[in-house]
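K.L.:
quick one, what's the 3D model for this:
(chains A and B)
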Amino acid sequence: MKLSLHHGDAKTQRDVSRFALFAPSRLKRILLWFLPITFLALFFFFPLSRILSLTFTIETFTRENWNIVQRSLLFTFYQAALSTFLTLLLGLPSAYLFARYDFPGKTLLRALTAIPFMLPTVVVAASFNALFGQRGFINTILQSSSSFFPLSPFNHLPHSPSFALHPFAAILLAHVFYNTTIVIRIVSNAFSTLDPKIEGVARSLGADTLRTWRYVVFPLLRPAILASSLLVFLFDFTSFGVILLLGEAKYATLEVEIYTQAAKYLNLPLAALLSVIQLLCTLLFSILYSRYATHIAQHAPRSIAPLSPKTLLQKLFTTSFVLLLFVFYLLPLSALPFRSLFRLEADRGQRGEVQYGFTIDYYRELFINRRGSVFYVPPIRAALNSLTYASVTVMLSLLFGFPAAFALAKPTSLERILDPLIMLPLGSSAVMLGLGFIVSYGKWLSSPLLVPLAHTLVALPFVIRALQPAIASIPDRLRQAAASLGASPFEVWKTIDLPILRRATLAAATFAFTISLGEFGATLLLSRPDYPTIPVAIERFLSQPGGLNYGQAMAMATLLMLLTLIGILLIEKFRLPGAGEF
Amino acid sequence: MLAVQHIFKTYEGKLLLNDISFTVGAGETVCLLGASGSGKSTLLRIIAGLEEPDTGIVSFEGQDLSKVPPHRRDFGLVFQDYALFPHLSVYDNVAFGLRMRRIGDDETALRVANILELVNLTGFEQRSVTDLSGGEQQRVALARALAIHPRLLMLDEPLGALDRTLREDLLDELRAILRRTNIPAIYVTHDQEEAFAIADRLLILHDGMIVREGAPVDIWAHPGSAYVAEFLGLGKVFEGKVVSGNRKVHTPFGLFSIDCHHKHQRGERVHLLARPDSHLERNERRRSATHLISGVVTDVIFQQTHFKVTLDNGIYLYLKNAPRVGEKITARVKVECLA
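P.N.:
Model prediction:
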């Protein structure tokens, strides 16, 4: 009796290891890696090598090129440093606010501050334009203040006052707008794991509030502050969409310069040189970042319950900062949809006769193929293109992401080396990926498949990172238990793996979808004129004169914002464990 | 020296401290004993100045401390989880308070060395506090608090995170250090053994109130209430009804006549305590307070010097010889009135 039982156990064991996807043999591991590695080799490493070989040619290193490199490198550092400083200025007090205080609307405000980071930069740029730009709310209202406010004190002036935020200020403000959430998240986390007893001890040992901060609180927060600053700096350093759309062609970071040299002047060697410099810089910052990031979670994490503000000073601080954050985040985000539904200036051919009020003309116009417009197709086709590209991106990135995530869920020592390689596209800029495609697959530029391939490259790290922990979280014992209860390998996969992974798969798919929808840098280089995506269409509308074009840009950006918001909501829903069945 | 007068504190609408008053004399170790949530730690934070009471006064040597910020109070603090500065070495942790007082480097070095010797950590100066064991970390926390020569030492469950043997060793050391330095101390704990071992005087906190105060011996002998007797685990507490005069009480275990200082009305409900150390009382022949209780043995636990024997009626006894489970026994139990 005992013998046969043992025999049965051993048989089940063998069956499980023979059929389960999760105890892969060497051959199976190679098969798992085949697709993702081939994809990366063809569409990342080969283009990268082409860029490198293009860089080191004689015609690259001319004095003229060198001047451009110097100028854009200097400006990139300058604007990134300034943006980071301003982001810390807003982010550090906000982090303190979120970590230490409870106030009404806290969850809402936290979500609100996180949204811009997830929105495509094109949408952020369009939002700032809708508020602060030449045709933005503030300026148009000021310019026509006489008709809006008949008794306005400005009315006696010969010219209406005009206000448009200086493009450089708009760039900085937009950077602060979408990066502050990084500081808030990392530093407020560090804040709330900081044991208040440590501060209490410091005070009991004779340190006043100031010295407690200087000698205890600040040193303990330093890794978190440094890490978040580096991350913010990294994002500001590689900023593209915001600078291109808000900079009014006056400002060029490395990223913008790569685009300009490649797309406008067809100076590919210089573009290649710029992207190599950019890649080296981002790699350096990434290494620095991960060095500080490892120091953050050093002491035991312990969540400290935030308190309601008590003293007058605390109440003053929380109220004013909560208000400031709400205004700072709500104004641009709401200005965009409002501007897309609001006529603020004279239509074509109606000069002088200004009509104000709500309109859906900008949206209606999207469906009309006007002669002499920027497109050869009704603009709404851009939305269809975007959705098609996004769907293909989802399929491709799941196709390559799943095997890699399976292999990485239980990596061998060799595969541990592959992990950073797979994540490398994350560190290289989108424009550079586009440039790589151009120099490697230039003759296929007319193929509509290049764009979703580039999007897949951008989305793949996110997809793998979304799937891998879910796969790793399924203990083998679960599958063995199911097998020992009589489930065949397929039934094991169907009843154990699939339900657990469904949520993660949906999250990964949504990630890929929204990334593809908002991708701007690579698409701008790769998309064919008659196959624009939404972000490309927004860029073209914004670069054209006229209120109607502007309105259509706003309408497009609003559409993109809505689509992305839906995506964000879905991701949040799928990511939360036990938040309902799907 | 330290006087706490009529402290009230509410937290989110709940009364956390309800009229707390007590004093700590020179060189005295006062132990605040209470279950978790009884408000002990809040009381410490109020005394340290880290939190403000709703009403009430904390004063030291006659000086009202309500306007004195925590960093001017010279009160040493030691926490259960040590709250060491993780970014500083052992030396820098201990020297922190001295540097805040702008004491010169030479004297700081001398004092740190002395203190580290006192807590048996000589040679640990340059170690990182995150590499130390729990016991070592607690010694650093103690050294750090002692280094400033505090006027009062406050220890919040200082041994709570340590395992049993280490706890007993450190408790002995702590008692020796407190005696040697003669610093008045408030020691907060939920562990009654610890409290009995270290306290000159014991305050028992329950629902934000001090329900019993006195020397450990007195409290042991006269717990004074059902809560204290149960909390200290002095024996089985049960209810009875006074049936005649002051002496006869009817209980689920039979009719007892008790020796009692209180005046009871006929028909009044009283709490009685049955101490488990029945075998010790056997020879005393105090018939009035010693009674026979019968029951079936449900559980026998070996506890080194005796067996803890639990009966089916909830009474438990310490007996030298173990009966069998299921056996019916009769034992002489000391029953006293808790009022």
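K.L.:
and the residue of the stretch 201-339 of chain B nearest chain A?
P.N.:
The nearest approach of the stretch 201-339 of chain B to chain A comes at B:G208, 19.5 Å away (Cβ to the nearest Cβ). C-betas here are computed from N, CA, C, even on glycine.
K.L.:
and the closest residue to that residue other than its chain neighbours, what helix or strand is that in?
P.N.:
Counting by Cβ to Cβ, 6 or more residues apart in numbering or on different chains, the nearest residue to B:G208 once its immediate chain neighbours are dropped is B:N18, at 4.1 Å. B:N18 is located in strand B:14-24, with elements delineated by DSSP states H and E.
K.L.:
how far off centre is that strand?
P.N.:
From the chain centre to the centre of strand B:14-24 is a distance of 16 Å (Cα atoms, centre = their mean, to the nearest Å).
K.L.:
so, low pLDDT: which residues of the chain?
P.N.:
All of this is about chain A. Within chain A, the stretches falling below the threshold (pLDDT under 70) are A:1-25, A:143-163, A:297-305, A:344-356, A:370-377, A:575-582.
K.L.:
you answered for a different chain; I wanted chain B.
P.N.:
By pLDDT under 70, the low-scoring segments of chain B are B:245-246, B:278-290, B:339.
K.L.:
so what touches the longest strand anywhere in it?
P.N.:
Looking only at chain B and at elements set by DSSP state E, the strand with the highest residue count is strand B:290-303. Contacting residues not belonging to strand B:290-303 are listed as B:253-254, B:256, B:274, B:281-282, B:284, B:307-313, B:315, B:318, B:322-335 [Cβ atoms under 8 Å, 6 or more residues apart in numbering or on different chains].
K.L.:
need the buried ones from these selected in ChimeraX.
P.N.:
Of the contacts of strand B:290-303, the buried ones go into a single ChimeraX selection, burial set by 16 or more other Cβ atoms under 10 Å in any protein chain shown:
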select /B:253,256,274,281,307,309,310,311,315,318,323,331,332,333,334,335
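K.L.:
buried ones in the longest strand of chain B?
P.N.:
With burial defined by 16+ other Cβ under 10 Å, the residues of strand B:290-303 counted as buried are B:290-291, B:293, B:295, B:297.
K.L.:
what of stretch A:409-423?
P.N.:
A:409, A:415, A:418, A:422.
K.L.:
chain center to the helix or strand harbouring the second one, what's the gap?
P.N.:
This points to A:E415. For A:E415, the enclosing helix or strand under DSSP H and E is helix A:413-427. Centre-to-centre, helix A:413-427 and its host chain are 20 Å apart (Cα atoms, centre = their mean).
K.L.:
next SSE after it?
P.N.:
Using DSSP H and E, the helix or strand that follows helix A:413-427 in sequence is helix A:430-441.
K.L.:
kindly report the residues of chain B close to chain A.
P.N.:
If contacts are counted using Cβ under 8 Å from any Cβ of the partner chain, the residues of chain B sitting beside chain A are B:45, B:48-50, B:69-77, B:79, B:81, B:83-87, B:96-97, B:100-101, B:130, B:144-145, B:148.
K.L.:
can you do 7 Å?
P.N.:
Counting by Cβ under 7 Å from any Cβ of the partner chain, the residues of chain B lying close to chain A are B:48, B:50, B:69-71, B:75-77, B:79, B:83, B:85-87, B:96-97, B:100-101, B:144, B:148.
K.L.:
any idea which helix or strand comes after the strand holding B:N18?
P.N.:
Moving toward the C-terminus from strand B:14-24, the first helix or strand encountered (DSSP H and E) is strand B:29-34.
K.L.:
which residues does that next one contact?
P.N.:
Here strand B:29-34 makes contact (Cβ atoms under 7 Å, 6 or more residues apart in numbering or on different chains) with B:24, B:40, B:43, B:178, B:185-190, B:192, B:195, B:198-206.
K.L.:
before we move on, what about stretch B:323-330?
P.N.:
Contacts to stretch B:323-330, defined as Cβ under 7 Å, 6+ apart, come from residues B:292, B:294, B:296-300, B:309.
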